[in-house]
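Novice: Got a sequence here, can you build the structure:
(chains A, B, C and D)
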2 protein chains.
Amino acid sequence: MHRVGRKAATDKGGQTKTRILETALEMFQQRGYEQTTMRAIAEGAGVSLGNAYYYFHSKEQLIQAFYHRTHEEHTAATHSAMEANSDLKARLLEVIRLKISTLEPYHQFAGVLFKTAADPHSPLNPFSEESDAVRQESIQLFRQIVEESTGRIPSDLKTELPYLLWVYHMGIVLFWIHDSSPKHKRTYRLIDHTVDLVARLVSLASNPLMSPLRKRALRLVADVRDAAAEDLNENELDDEGFDDDKLDIEAPNGQPTV
Amino acid sequence: MHRVGRKAATDKGGQTKTRILETALEMFQQRGYEQTTMRAIAEGAGVSLGNAYYYFHSKEQLIQAFYHRTHEEHTAATHSAMEANSDLKARLLEVIRLKISTLEPYHQFAGVLFKTAADPHSPLNPFSEESDAVRQESIQLFRQIVEESTGRIPSDLKTELPYLLWVYHMGIVLFWIHDSSPKHKRTYRLIDHTVDLVARLVSLASNPLMSPLRKRALRLVADVRDAAAEDLNENELDDEGFDDDKLDIEAPNGQPTV
DNA sequence: GGGTTGACTTGAACGTGTTCAAAACTTTGT
DNA sequence: ACAAAGTTTTGAACACGTTCAAGTCAACCC
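Specialist: Down below sits the predicted model:
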């Protein structure tokens, strides 16, 4: 491996690596992912083909580098833009809009990100170990939003909400990838409307009347999340811990139970 | 192209095509998608490499053939298993369980289905024209479930519910793909719990008190669905048709509005 | 039968991602 | 200054998906 065990007086390796990544991202942006060959990247960066593979084990790994980079940009942009004393809705709106505008230059290229991310065996898979760090950071972002925002939220919901918002934001990105409307107006409109809806749902779920249903739903969410986390470990898996309690609530007007 | 313009007394071409597909699916099942080369498929089917490409334009198209086949199997299984006079919950449970058991033999291979399906440019993309027919059929399945089931559901919800259930069932499949628990017990458990939850939510959404929120959410769903459908057409896109009405409802106990 | 048409089949060739053994260079220890 | 150990760099080679010009074969027409 590079950059270990020696002093690295000039960091020549690091420079080369950066140059390759820079060239790659530029080419991806201009010609798209498939059209950009590793040979072209190497030539553009002024190195040999084998050298490109010395720094990036595969073409896919260049996507992962891209993923890291945009994540950092988004985090930075978020932190500098976050106003104090705003509510969940306002903050969420800002964060998600920033996410899209950060990804903006890579719209046509972003498709392959999702393509590879959807593969269970890809390191880019959101549930894989390799991207665990970035994902945790990303969820952390939403945790801050939730905790620093005004408005009362039950503690059980407060625990899971960051993860739920992260999933929601992934959904928005997925929509954006498919959105071919001018300036992605459609996506921004969707953001406006869904953020509003999410805020309402959080408020609704905070209603004490909804407590039983909420608890059931949150338990389910936690279960799914944990299952995704374990994944490759062999696990005993018994059915304990999720008994069917009597969670039914009576609607105020005599409608069927929920 | 094959099988046009002539009488096809023996349907030799059709036989060859079937043989290739059969061989391919078997190999995918045993060695996985990536490990199975087109050369191996051709050899296994007793044809030349070029011949395999005569019938299937690409390796990816073999996945599409797989997609069609399992869809048909699932539909057949569903129709023969559907009991009369059952409610939404029972029917949904049955259909989704059948879906998973139909896909069962292809679990490790199914990953690439989602991988390619997630690519906006892939014909396998659920929103693309090429798989539109299969998707419509699939949604139709859920429409039957909704319409033939007992229980009162508001008409606006009834319209969108099939699509929503289809999306939900895709989510289950996505989970199943990642599920490495023995016999996919985890997925079946998830199905049990989410079907229950979905039934409750439908019931909750049918409550007249929820009407404003429901209407807003359904409008959003329709909007997203239409956007996905148009996609490649150039579209004007003005902001009409989605005004922010005063939809707030007052929770019975003075909680913040929803 | 002989010829024409079009479906079917072939295998060589191309471009691409990836691997690897060996060369070239840099740093460190003496 | 020299050697040893590490690192970076190279280009040839490989396997695979895909293309294509050319060949074979069966059905049809006269």
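
Novice: Now do the helices in the stretch 51-200 of chain A.
Specialist: Under the criterion DSSP state H, counting those that start in this stretch, the stretch 51-200 of chain A carries helices at the ranges A:59-81, A:88-103, A:107-117, A:132-148, A:155-178, A:185-206.

Novice: Could you list the buried residues of the fourth one?
Specialist: Within helix A:132-148, the residues that qualify as buried by neighbour count (16 or more other C-beta atoms under 10 Å in any protein chain shown) are A:Val134, A:Arg135, A:Ser138, A:Ile139, A:Leu141, A:Phe142, A:Arg143, A:Ile145, A:Val146. Where you see a C-beta, it was placed from the backbone N, CA and C, and this is true even at glycine.

Novice: Just confirm the last one contacts A:Leu88, I think it does.
Specialist: Yes. With contacts defined as C-beta atoms under 8 Å, A:Val146 counts as touching A:Leu88 at a distance of 6.8 Å.

Novice: Overlap of the contact sets of these two?
Specialist: Listed as contacting both A:Val146 and A:Leu88 by C-beta atoms under 8 Å, 6 or more residues apart in numbering or on different chains are A:Ile153.

Novice: Pull the most distant pair out of the buried residues of helix A:132-148.
Specialist: Farthest-apart pair in those is A:Val134 and A:Val146; separation 19.2 Å (C-beta to C-beta).

Novice: rewinding a little: what's the closest of the buried residues of helix A:132-148 to DNA strand C?
Specialist: Relative to DNA strand C, the closest of the buried residues of helix A:132-148 is A:Val134; by C-beta to the nearest atom of the strand it sits at 20.6 Å.

Novice: Enumerate every residue touching that closest one.
Specialist: Shown in contact with A:Val134 (C-beta under 8 Å, 6+ apart): A:Tyr67, A:His68, A:His71.

Novice: Using JSON lines, please lay out these together with neighbour count, pLDDT and distance to DNA strand D.
Specialist: What follows is the contacts of A:Val134, written out as JSON lines (neighbours: other C-beta atoms under 10 Å in any protein chain shown; pLDDT from 0 to 100; distance: C-beta to the nearest atom of the strand, whole Å):
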{"residue": "A:Tyr67", "neighbour count": "18", "pLDDT": "89", "distance to DNA strand D": "22"}
{"residue": "A:His68", "neighbour count": "14", "pLDDT": "89", "distance to DNA strand D": "19"}
{"residue": "A:His71", "neighbour count": "19", "pLDDT": "92", "distance to DNA strand D": "24"}
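
Novice: Quick one: residues contacting A:His71.
Specialist: The contact partners of A:His71, by C-beta under 8 Å, 6+ apart, come to A:Val134, A:Glu137, A:Ser138.

Novice: can you list the weak-confidence ranges in the stretch 151-258 of chain A?
Specialist: Flagging of the stretch 151-258 of chain A using pLDDT under 70 yields the residue ranges A:229-258.

Novice: buried stuff in stretch A:74-94?
Specialist: Residues of stretch A:74-94 classed as buried by neighbour count (16+ other C-beta under 10 Å): A:74-75, A:77-78, A:82, A:86, A:88-94.

Novice: what about stretch A:221-231 and chain B, any contact?
Specialist: Yes. Shown here: stretch A:221-231 in contact with chain B (C-beta under 8 Å from any C-beta of the partner chain) through A:Asp223, A:Val224, A:Ala227, A:Ala228, A:Asp231.

Novice: Distance check, the residue of the stretch 151-258 of chain A found nearest DNA strand C against A:Glu72.
Specialist: Here the stretch 151-258 of chain A gets closest to DNA strand C at one residue, A:Ile177, 20.6 Å apart by C-beta to the nearest atom of the strand. Remark: distance between A:Ile177 and A:Glu72 (C-beta to C-beta, to the nearest Å) = 20 Å.

Novice: next one: A:Tyr33
Specialist: Applying C-beta to C-beta, the value for A:Tyr33 to A:Glu72 is 21 Å.

Novice: next one: A:Trp166
Specialist: The gap separating A:Trp166 from A:Glu72 is 17 Å, by C-beta to C-beta.

Novice: One more: A:Ala24?
Specialist: Taking C-beta to C-beta as the measure, A:Ala24 falls 17 Å from A:Glu72.

Novice: So which of the two has more stuff around it?
Specialist: A:Ala24 (25 against 13; other C-beta atoms under 10 Å in any protein chain shown).

Novice: That one - that's part of a helix, no?
Specialist: Yes. The assignment for A:Ala24 by DSSP: H, G, I helix; E, B strand; the rest coil puts it in a helix.

Novice: For A:Val112, give me its contacts.
Specialist: A:Val112 makes contact with A:Tyr33, A:Glu34, A:Ile63, B:Asp119 under the criterion C-beta under 8 Å, 6+ apart.

Novice: Could I have the buried ones of these as PyMOL selection syntax?
Specialist: Entered in PyMOL, the line below selects the buried ones among the contacts of A:Val112, by 16+ other C-beta under 10 Å:
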select buried, (chain A and resi 33+63) or (chain B and resi 119)
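
Novice: Of the contacts of A:Val112, just say which sits nearest to A:Leu197.
Specialist: Nearest to A:Leu197 out of those is B:Asp119 (C-beta to C-beta; 28.1 Å).
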